[in-house]
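**Q** Sequence first, predicted model second:
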Amino acid sequence: MAVTAARIKTLGTENAFKLGEDIAICLERGVDVVKFNLGEPDFDSAPHINRKAIEQIEAGNSHYCDPAGILPFRQAIAKHVSDSRGLEVGPERVVVTPGAKPPICFALETYVDPGDEVIYPSPGFPIYESWVTFLGAKPVPLMLSEEKGFAFSADELGELITDKTKLIILNSPSNPTGGVLSKGDLEGIARVIRERAQPDVRVYSDEVYEHILFDGEVHNSIASEAGMADKTVLVSGHSKGFAMTGWRLGWAVLPNQEEAAIFKQLNINIVSCVPPFIQEAGREAYESPETAAAVAKMVSAFERRRDWVVEALNDISGVSCQMPKGAFYVFPNISGVCEALGVVEAHRAMPPEVARRTSPSGMFQMFLLYSYGVATMDRNSFGSIGAKGQHFLRLSIATGMDRLKIGLERMREASKDAEGFAAFLKRERLWG
Ligand SMILES: Cc1ncc(COP(=O)(O)O)c(C=O)c1O
């Protein structure tokens, strides 16, 4: 009898966390690693938010609380959603979760049976594909193409919708591409969902980067479109926009009170509740007049870095990079470099069981890390189904300009170093 259950082998992961093991090896060898892999702001949470949490702990607000979330915080979330999306949302439809990640699992557990189809963006946040596969649902990746600025047309989505589609996952602004769905895009998407999907379909709208938009863009939600509010699970949180990744604070607005009760029950089964002092600090983030300036300062730093990095990447031969409109990532196409360094050929020459463990962009990613001390994420870390032949990296620009400059200079050198790549393959034997 096997020690572990068969299903656990089907659970995926988020490589941004897993890469830590390779980074640790490089650091131990004395390599200075420039970290472009992390999906978190390099800013700390704002002082007024920190102060609120400390005050609350000192006042004894450190006990279990309502598993759906404390009422004043749910009220603040409902107000924020109503004001920013033009919706009528009350606290009874809000559930507070430890980060914006648990609602992904909660939604799949709640709505999807084995064999049901789930449409999700690819490249996209890897945890979507991970839970879809784990729960025995059918993954239906919606491929985002570089030529269309990593957006997709309503017709492309429409072609994937069948009678078995139970959940459609959208993510705007997007991780990893930085693509943003416009109001016009969302109108078309809503129309196609109304026309083609079963009436009980649910849309999972991951809006965790809602505050990080460039070039004066404003945030739009599918939930604001006609007929969508009662189909949409709207998810966001404090990790990205308020630089609160380690606090673990997120929320979901459910289509109705009954479905909110299921999310609450999932909280009861797994975490009981989110710490009340953290929720009070989260409420402060929404209610304090000091928050807007802190967010604006961070977003304008990301925007300045984006402008510099995209130009620097496009200046490297064999690399092309679109201009992201939101979030804090750039997603360059590295096909030219993979060809020039013989990465594609080296991958093709691997025995199939070894080749399956990586991809050309994964091999270049590891070359950059082990030989040049630059940590990035590869294309397959954002959904591997249907990703064959796509050679991209994701770089987080949540890193100071000085480190960005060092990292980009190293990437430029690495992109010309065919000999170094061949030596790296012989030396490290990372894939067996
Ligand atoms: C698209 C997307 N959704 C959800 C999450 C999870 O956010 P949290 O850290 O709040 O759980 C992330 C984090 O990287 C993300 O990029």
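**A** On my side now, so go ahead.

**Q** pLDDT score assigned to Phe17?
**A** Note for Phe17: predicted pLDDT of 80.

**Q** what helix or strand does it sit in?
**A** Assigned by DSSP states H and E, Phe17 belongs to helix 15-18.

**Q** for that helix, packing partners?
**A** Applying 3 or more CB pairs under 8 Å, 6 or more residues apart in numbering; DSSP states H and E, one finds that helix 15-18 makes contact with strand 377-378. Using the backbone N, CA and C atoms, a C-beta is placed for each residue, glycine as well.

**Q** Tell me the helices and strands packed up against the strand it packs on.
**A** Partner elements for strand 377-378 (3+ CB pairs under 8 Å, 6+ apart): helix 15-18, helix 360-372, strand 393-396.

**Q** Now the element after the first one, going C-ward?
**A** Going back to what we said before, that points to helix 15-18. helix 20-28.

**Q** Would you mark the buried spots in that next one?
**A** 22-23, 26 (16 or more other CB atoms under 10 Å).

**Q** wait, which of these is closest to the ligand?
**A** Ile23 (17.4 Å; CB to the nearest ligand atom).

**Q** Tell me if stretch 251-258 is near the ligand.
**A** No - counting by CB under 6 Å from any ligand atom, the ligand has no neighbours in stretch 251-258; the shortest distance is 9.7 Å.

**Q** What are the contacting residues of that stretch?
**A** 69, 74, 77-78, 81, 89, 92-97, 100, 103, 106-107, 202, 223, 229-237, 260, 262-263 (CB atoms under 8 Å, 6 or more residues apart in numbering).

**Q** out of those, who's near the ligand?
**A** Answer for these near the ligand (CB under 6 Å from any ligand atom): 100, 237.

**Q** Among the contacts of stretch 251-258, which ones are in helices?
**A** 74, 77-78, 81, 103, 106-107, 260, 262-263 (DSSP state H).

**Q** Adding distance to Leu167, neighbour count and pLDDT, write those out as CSV.
**A** Output for those, formatted as CSV (distance: CB to CB, whole Å; neighbours: other CB atoms under 10 Å; pLDDT from 0 to 100):
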residue, distance to Leu167, neighbour count, pLDDT
Arg74, 24, 25, 98
Ile77, 22, 26, 98
Ala78, 23, 20, 98
Val81, 20, 24, 98
Pro103, 12, 27, 98
Phe106, 12, 26, 98
Ala107, 6, 28, 98
Ala260, 17, 21, 98
Ile262, 14, 16, 98
Phe263, 14, 27, 98
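
**Q** Dump these to JSON lines, plus distance to Gly158.
**A** As requested, the ones in helices among the contacts of stretch 251-258 are exported to JSON lines (distance: CB to CB, whole Å):
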{"residue": "Arg74", "distance to Gly158": "35"}
{"residue": "Ile77", "distance to Gly158": "32"}
{"residue": "Ala78", "distance to Gly158": "32"}
{"residue": "Val81", "distance to Gly158": "27"}
{"residue": "Pro103", "distance to Gly158": "26"}
{"residue": "Phe106", "distance to Gly158": "27"}
{"residue": "Ala107", "distance to Gly158": "22"}
{"residue": "Ala260", "distance to Gly158": "29"}
{"residue": "Ile262", "distance to Gly158": "29"}
{"residue": "Phe263", "distance to Gly158": "29"}
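
**Q** With respect to Glu303, which of those residues is nearest?
**A** Val81 (25.0 Å; CB to CB).

**Q** Could I get the contacting residues of the nearest residue to that closest one once chain neighbours are set aside?
**A** Residue nearest to Val81 in three dimensions, not counting chain neighbours: Val89, with 4.7 Å by CB to CB, 6 or more residues apart in numbering. Listed by CB under 8 Å, 6+ apart, the contact partners of Val89 are 78, 81-82, 253.

**Q** For Val89, give me the pLDDT.
**A** pLDDT at Val89 comes out at 97.

**Q** Read off the pLDDT value for the single nearest residue of the chain relative to the ligand.
**A** Relative to the ligand, the nearest point of the chain is Gly99 (2.6 Å; CB to the nearest ligand atom). Note on Gly99: pLDDT of 98.

**Q** I'd say it and Met244 touch.
**A** No - Gly99 is not in contact with Met244 according to CB atoms under 8 Å; the separation is 9.5 Å.

**Q** Between the two, which is the more surrounded one?
**A** Comparing Gly99 with Met244 by other CB atoms under 10 Å, the one with more neighbours is Met244, at 27 against 20.

**Q** could you list every residue that touches the more buried one?
**A** Counting by CB under 8 Å, 6+ apart, Met244 has contacts 45, 49, 238, 282, 285.
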